[in-house]
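Engineer: Return atomic coordinates for the entry below.
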Amino acid sequence: MKNAGAELPGLAGRPARSVEIAVEGIPSPRWKGRLRRFCARVLQEAGAVGWDVSLLLCNDARMKELNGRYRGKDTPTDVLSFPREVRKPSRAVPVFHVPVTGDIAVSMDTLRRNARQFEVTVDEELKRLLVHGILHCAGMDHGTARGGRMLSFQERLLDALKEERIIEK
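Structural biologist: So this is what the prediction gives:
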């Protein structure tokens, strides 16, 4: 993990805020700058003190490989999240009072199918997957008894950022 716990040069005491983007198996999108800014806005809106997040935009073939390797599932999925620091949220330390670090993979093929199925724009579906992945990297999980909290927070963030655009029409 390259930036976790690091401080930005010249800004002593402030945690790093980095969003890196990689592309594999698809053409490199022109909107990577807006994608980076959207992720930073999500983290700011959520109250994160710092972050070091890496995004991989890929195709279904790469996502199937990742899903098989890390989850034992031989199919592609829309988003995978890999928190670099596994921690359980507690009432004593709110989830975003520590730096958010992790890696997120998004299959653009599955994302497009989801958008058609859910009758939303590709931009809206991308934002949903990004927020979902970021919350997982922050230690939240919808597969637990407190899962409703994560999904409720996800919807509040999406509503707060509904005017943001990553992919222009």
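Engineer: Now the helix or strand bottoming out on mean pLDDT in the chain: buried residues?
Structural biologist: The least trusted helix or strand in the chain, going by mean pLDDT, DSSP states H and E, turns out to be helix 147-160, with a mean of 86. Within helix 147-160, the residues that count as buried by 16 or more other C-beta atoms under 10 Å are Arg149, Met150, Phe153, Gln154, Leu157, Leu158. Using the backbone N, CA and C atoms, a C-beta is placed for each residue, glycine as well.
Engineer: Spell out the residue ranges of the strands in the protein.
Structural biologist: 17-24, 51-58, 79-83, 100-107 (DSSP state E).
Engineer: any chance of the ones you listed in JSON lines, plus mean neighbour count?
Structural biologist: Formatted as JSON lines, these follow (neighbours: other C-beta atoms under 10 Å):
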{"stretch": "strand 17-24", "mean neighbour count": "16"}
{"stretch": "strand 51-58", "mean neighbour count": "23"}
{"stretch": "strand 79-83", "mean neighbour count": "19"}
{"stretch": "strand 100-107", "mean neighbour count": "24"}
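Engineer: And Glu45, how close does it get to Gly139?
Structural biologist: 17 Å (C-beta to C-beta, to the nearest Å).
Engineer: Looking at the two, which one has more neighbours?
Structural biologist: Using other C-beta atoms under 10 Å as the criterion, Glu45 and Gly139 rank with Gly139 on top: 20 against 15.
Engineer: I'd guessed that one sits against Pro83; true?
Structural biologist: Yes. Taking contacts as C-beta atoms under 8 Å, Gly139 lies within contact range of Pro83: 6.3 Å.
Engineer: that older thread, check the offset of the least confident helix or strand of the chain from the chain's centre.
Structural biologist: Offset of helix 147-160 from its chain centre (C-alpha atoms, centre = their mean, to the nearest Å): 13 Å.
Engineer: residues in contact with Cys39?
Structural biologist: Residues near Cys39 by C-beta atoms under 8 Å, 6 or more residues apart in numbering: Val19, Val53, Leu55, Leu130, Ile134.
Engineer: typo on my end, it should be Asp74
Structural biologist: By C-beta under 8 Å, 6+ apart, Asp74 lies in contact with Lys64, Asn67, Gly68.
Engineer: Which of those are buried, as a ChimeraX select command?
Structural biologist: In ChimeraX, this line selects whichever of the contacts of Asp74 come out buried by 16+ other C-beta under 10 Å:
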select :64,67
